[in-house]
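Participant: I need the structure of the sequence given here:
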Amino acid sequence: MTSISLHALPDPLQKIHRTLLHSAPQAVLVGGAVRDALLNAPVHDLDYVLPRGGMSSARRLADALGGAYYALDVERDVGRVVWSESAGSPWVVDVAAWQAPTLLADLQGRDFTVNAMALLPDGRLYDPLDGQQDLQQGCLRPCSAHSLADDPIRSLRAVRFLLQLDYHPAPDLAALVMAVAPRLHEISAERRRDEWLKILKLPAPERAFAWLHAWGLLPHILPDMLPLQGLTQPAIHAYDAYRHTVAVLQWMAVIDEALRRRQPPSGALAACITETLAPYQPTLAAYLRTELVQDRPRWLWLRFAALAHDWGKPQTLTQDTQGQIHFFGHETISAQRAEQWLYDYHAAKAERLFVRTVCGQHMRPVHLLADGQAPSRRAIFRLLRDTGDAALGIILLHIADHCATIGPDLSPADLAEYLQRVMLLAAPLLDAPPHTAIPQPLLTGKTLIQQFALAPGPLIGDLLAGLQEAQAVGEVETLEQANAWVQDQLAIRDL
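Facilitator: The predicted structure is shown next:
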């Protein structure tokens, strides 16, 4: 057996390990933490198993560390501890009872051999399924012929691990995935959603589509992608609708990875984006990192919007008398289809609203930049008014959409010129605080009713909205000007 030196692991992990073994000496570290330790990769969440008492052991660990305890799965006797040392990132530790009569049987019931190794209490590696050999050979192999059938979500997990580890599939993996793919509907919507989002979080999520398509998983997780295959687009587009969509996802990931400083730009085009957006990087990074729901930030949902923004094209395809292809109104259908997916997969209301707005308004920058001139203050105000906190996301998606549209013919010089134009639209949203871009009307509805002898009704709302816009574009700056503006509007309506 191989040994793993605990001294080579992060101090918090060593502390967790020693503390748990003190009260639960039969606890065994399993799964991804063991795999990553062998790969000298960063170790994050920890999973332990022991013969019995998973929840009680987790509770004792939480008490000893001063962490938080949760009963994760009462039926399977799984407890969770969340603990952080000082200001460090939190560690998540799951402690479970064996799901089989023995440790060997427990490991045999897991998904892939590289995840079925265990660090024994004495520091030795227990590897009954030759997972270490598969690690060395870069092979993703199921633990058994029925591993995927036991839990069909593992078919999606296979795609994630192939990309995450940059491995090749074992010879039988493709057939096993294709056999269980139609059973994905048996898995709860939340588990399917979370597994898909883990794929979407990867640095290059577009690579997943080669496997998703080849292994027949697309109809069972992203059925709206299928009608895009082979769908011809206008001549400006380098790709059909399907390849375009995958390319938009690729560019969206390049953009958000660059802005979040996740990795240095790869290639001249990515470097061009990084350099051009550098003055706004801190603001845009903070925007992207903002979580709509815990652990589900804006950048993740922008990637989803990149996939969904053209889902309405098959339903809106038309061809004029000159043979030109059009997709009038496709953004509205795309927004509806995206929101339906999110609803079916139990996404939060804030997530549904953000994606719906980004998809439904993603053509706005195209129209605002069409004449090559700087958008007016009025146009920028109306964009922000109509889209709220999705406005910057829409602009970033527009950049990704443009790059994918031009495709391999896009040069760094042309991209730099285009980005300068795009920033004419984005810069005012980044430079001005929100209360400046969307000011509070200087007059209230009550004031309008009393001062101008108006009756309550739609007119009050129209006047307030118009006054707000006049303030935003600089036509009205004082209370006196606001009163005069209202008087002028009422006079016009009386004509």
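
Participant: can you name the element that comes right after the worst-scoring helix or strand of the chain on mean pLDDT?
Facilitator: When the helices and strands of the chain are compared on mean pLDDT, DSSP states H and E, helix 434-437 comes out lowest with a mean of 59. Later in the chain than helix 434-437, the nearest helix or strand by DSSP states H and E is helix 445-451.

Participant: all helices for the stretch 1-150 of the chain, in order.
Facilitator: 11-23, 32-38, 54-65, 103-108, 131-137, 147-150 (DSSP state H, counting those that start in this stretch).

Participant: how far is the third one from where the chain is centred?
Facilitator: Centroid separation for helix 54-65 versus its chain: 32 Å, with C-alpha atoms, centre = their mean, to the nearest Å.

Participant: check stretch 343-358 too.
Facilitator: Relative to its chain's centre, stretch 343-358 lies at 12 Å (C-alpha atoms, centre = their mean).

Participant: in it, which residues are buried?
Facilitator: Neighbour counts over stretch 343-358 (16 or more other C-beta atoms under 10 Å) mark Tyr345, Ala347, Glu351, Arg352, Leu353, Phe354, Val355, Arg356, Thr357, Val358 as buried. Using the backbone N, CA and C atoms, a C-beta is placed for each residue, glycine as well.

Participant: quick one: average pLDDT of stretch 175-188?
Facilitator: Average pLDDT, stretch 175-188: 97.

Participant: contacts for that stretch, please.
Facilitator: For stretch 175-188, the external contacting residues (C-beta atoms under 8 Å, 6 or more residues apart in numbering) are 142, 145, 147-149, 151-156, 158, 192, 215-217, 219-221.

Participant: let's see it at 7 Å
Facilitator: Here stretch 175-188 makes contact (C-beta atoms under 7 Å, 6 or more residues apart in numbering) with 142, 148-149, 152-153, 155, 158, 192, 215-217, 220-221.

Participant: could you grab the helix/strand/coil label for Ala174?
Facilitator: Following DSSP: H, G, I helix; E, B strand; the rest coil, the label given to Ala174 is helix.

Participant: what about it, how many residues nearby?
Facilitator: Other residues lying near Ala174 total 15 when counted by other C-beta atoms under 10 Å.

Participant: pull the most distant pair out of the buried residues of stretch 343-358.
Facilitator: In the buried residues of stretch 343-358, two members sit farther apart than any others by C-beta to C-beta. They are Tyr345 and Thr357, at 18.2 Å.

Participant: JSON lines for the helices of the stretch 1-150 of the chain, including distance to Ala404 and mean pLDDT?
Facilitator: Listed next are these as JSON lines, based on distance: least, C-beta to C-beta, whole Å; pLDDT from 0 to 100:
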{"stretch": "helix 11-23", "distance to Ala404": "41", "mean pLDDT": "90"}
{"stretch": "helix 32-38", "distance to Ala404": "33", "mean pLDDT": "91"}
{"stretch": "helix 54-65", "distance to Ala404": "46", "mean pLDDT": "95"}
{"stretch": "helix 103-108", "distance to Ala404": "43", "mean pLDDT": "96"}
{"stretch": "helix 131-137", "distance to Ala404": "35", "mean pLDDT": "95"}
{"stretch": "helix 147-150", "distance to Ala404": "33", "mean pLDDT": "96"}
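
Participant: dump the residue contacts of the spatially most central residue of the chain.
Facilitator: When C-alpha atoms, centre = their mean is applied to the chain, the residue found nearest the centroid is Leu300 (1.5 Å). If you count contacts by C-beta under 7 Å, 6+ apart, Leu300 has them with Leu197, Leu200, Lys201.
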